[in-house]
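Participant: when you get a sec, could you give me coordinates for this:
(one chain, ligands or ions: 2)
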Amino acid sequence: MLAAEVIRKGGLVAFPTETVYGLGCNALNPEAVARVFEAKQRPSFDPLIVHIADEAALDGLAHTISLNDRLLMERFWPGPLTLLLPKRAQVPDLVTAGLPTIAVRMPSHPVAQGLIREAAVPVAAPSANPFGYVSPTCAQHVADGLGERVDLILDGGPCQLGVESSIASMVGSRPELLRPGSITLEEISKVVGPVVRAPKNLTMVAPGRLARHYATHTPLTILTEQEAQPMMPLGERAGLLAMTEPRHSGHRYCSIEVLSPSGDLREAAQHLFAALRRLDAQGFDRLYAEPCDERGLGMAIMDRLRRCAEPLT
Ligand code: TXA
Ligand code: MG
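Facilitator: Ligands and ions are numbered 1, 2, ... in the order given. Take a look at the predicted model:
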């Protein structure tokens, strides 16, 4: 496979995963890792997730794996769960931004698995978008955002899940969820007991949880539960991100994106980023987004919407 060779030679390959597209490189090659940071314009204090295809690859990355980690791997790997593990010294510090832990995940997408297996190295891969922008859920999104800065884009069609992996840590005294994602807090708790959600301001521990992130260029406001129609300034051109088919008529939106006509959260998550990008591309003054219930996958969807809604600083 050409793509595997590009990775082995220190190049950058964008590839599909079940969550979003990743921008991959050899995690053990510091120059290649530096190119990923440069391509994304990502600040070097924001560490990357390392992708593996089998558990044997863990030995070279992490030095201890707790029982809870083992249980979570057994239950959710391959799949959209990233675990923080104590890092081995041979992993370049750039990958983990100097942190003592390394984020590892085993994607289930066959193209991702094939690439990692053939490259025969762990693959460091952030989402394949310019830093801070909405993550890519199809190959075209990657080309739009990174274009020439990627050596090769593997097109695996649209991503099935649409929001990034959940990031959990068993390193501290209690199981922690650092980023809500495709695997829900409830599902993780069933395996390891009560899980605490990491407080939002711990930006030194997980810099990628910076307040404004996954953000459109157009400012976005989240509507309140009751608010079918916001107070829009006169003449404002706005788009609406609706969770289900809007019930009211006579709205003033120039465009409406419905995430799931039947109100299915899986479908909503799958379409979230593509819908945000389509609305963002129309140059409106503002986007409005309907909230959803924060249970299950709703927690990840609301997390991404809130970060998108943060004011520019
Ligand atoms: O679904 C996903 O996870 C996708 C696909 C491509 O696998 N990847 C992804 O990567 O979302 P990225 O770089 O966009 O987000 C990784 C997040 C960042 O917020 C980063 O701060 C956090 O993981 N992270 C990585 N290593 C960490 C560490 N050692 N401690 C805390 N947070 C870490
Ligand atoms: Mg990202």
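Participant: and for the spatially closest residue to residue 41 that is not a sequence neighbour, the neighbour number?
Facilitator: Spatial nearest neighbour of residue 41, chain neighbours left out: residue 131 (4.9 Å); criterion: CB to CB, 6 or more residues apart in numbering. C-betas here are computed from N, CA, C, even on glycine. Residues within reach of residue 131, counting by other CB atoms under 10 Å, total 16.
Participant: secondary structure element for residue 131?
Facilitator: Per DSSP states H and E, residue 131 falls between elements, in no helix or strand.
Participant: now it: how far from ligand 1?
Facilitator: 9 Å (CB to the nearest ligand atom, to the nearest Å).
Participant: which pLDDT value goes with the closest residue to residue 127 other than its chain neighbours?
Facilitator: Nearest non-adjacent residue to residue 127, counting by CB to CB, 6+ apart: residue 135, 4.1 Å away. On pLDDT, residue 135 comes in at 98.
Participant: ok, how many other residues are close to residue 135?
Facilitator: With other CB under 10 Å as criterion, residue 135 counts 26.
Participant: what ranges do the strands span in the protein?
Facilitator: Under the criterion DSSP state E, strands of the chain are mapped to 13-15, 22-26, 49-51, 81-86, 101-105, 123-124, 152-153, 166-169, 176-179, 196-197, 220-222, 238-242, 255-258, 286-289.
Participant: ok, what's across the strand from residue 85?
Facilitator: The bridge-partner assignment for residue 85, based on DSSP bridges, gives residue 102.
Participant: any idea of the pLDDT on it?
Facilitator: At residue 85, pLDDT is 98.
Participant: how about residue 204?
Facilitator: Per-residue confidence (pLDDT) for residue 204: 46.
Participant: ok, the one 5 residues further on next?
Facilitator: According to the per-residue confidence, residue 209 scores 55 in pLDDT.
Participant: in this structure the residue nearest to residue 41 contacts residue 42, no?
Facilitator: Yes: between residue 131 and residue 42 there is a contact under CB atoms under 8 Å: 4.3 Å.
Participant: backbone phi and psi for the residue nearest to residue 127, please?
Facilitator: phi -70, psi 150 (degrees, to the nearest 10).
Participant: contact partners for it?
Facilitator: Going by CB atoms under 8 Å, 6 or more residues apart in numbering, residue 135 touches 20, 21, 127, 128, 129, 164, 214, 273.
Participant: from residue 277, how far out is the fifth one?
Facilitator: Spelled out, that is residue 129. 10 Å (CB to CB, to the nearest Å).
Participant: can I get the contacts of residue 135 in TSV with pLDDT?
Facilitator: Below are the contacts of residue 135 laid out as TSV (pLDDT from 0 to 100):
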residue	pLDDT
20	98
21	98
127	98
128	98
129	97
164	97
214	88
273	98
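Participant: considering only the residues you listed, which also neighbour ligand 1?
Facilitator: Filtering the contacts of residue 135 for proximity to ligand 1 by CB under 6 Å from any ligand atom leaves 20, 127, 164.
Participant: now, among those residues, which is nearest to residue 34?
Facilitator: residue 127 (17.8 Å; CB to CB).
Participant: and that closest one, what does it touch?
Facilitator: Contacts of residue 127 by CB under 8 Å, 6+ apart are 20, 21, 22, 23, 135, 136, 164.
Participant: ok, now with 10 Å
Facilitator: With contacts taken as CB atoms under 10 Å, 6 or more residues apart in numbering, residue 127 has the following neighbours: 14, 17, 19-23, 40, 42, 49, 133-137, 141-142, 145, 164, 208, 214, 273.
Participant: if we can go back for a sec, any common contacting residues for residue 129 and residue 277?
Facilitator: With CB under 10 Å, 6+ apart, residue 129 and residue 277 have common neighbours 135, 136, 137, 141, 144, 145.
Participant: of these, which is the most crowded?
Facilitator: Within the shared contacts of residue 129 and residue 277, neighbour counts (other CB under 10 Å) peak at residue 137, which reaches 29 neighbours.
Participant: count of residues packed around residue 255?
Facilitator: The burial count for residue 255: 14, using other CB under 10 Å.
Participant: that one and residue 273: what is the separation?
Facilitator: For residue 255 relative to residue 273 (CB to CB), the value is 16 Å.
Participant: residues of stretch 225-232 that come out buried?
Facilitator: 230, 232 (16 or more other CB atoms under 10 Å).
Participant: check the offset of it from the chain's centre.
Facilitator: 29 Å (CA atoms, centre = their mean, to the nearest Å).
Participant: which residues sit against that stretch?
Facilitator: Defining contact as CB under 10 Å, 6+ apart, one finds that stretch 225-232 is touched by 221, 223-224, 236, 238, 240, 246-248, 250-253, 285-286, 288, 290-293.
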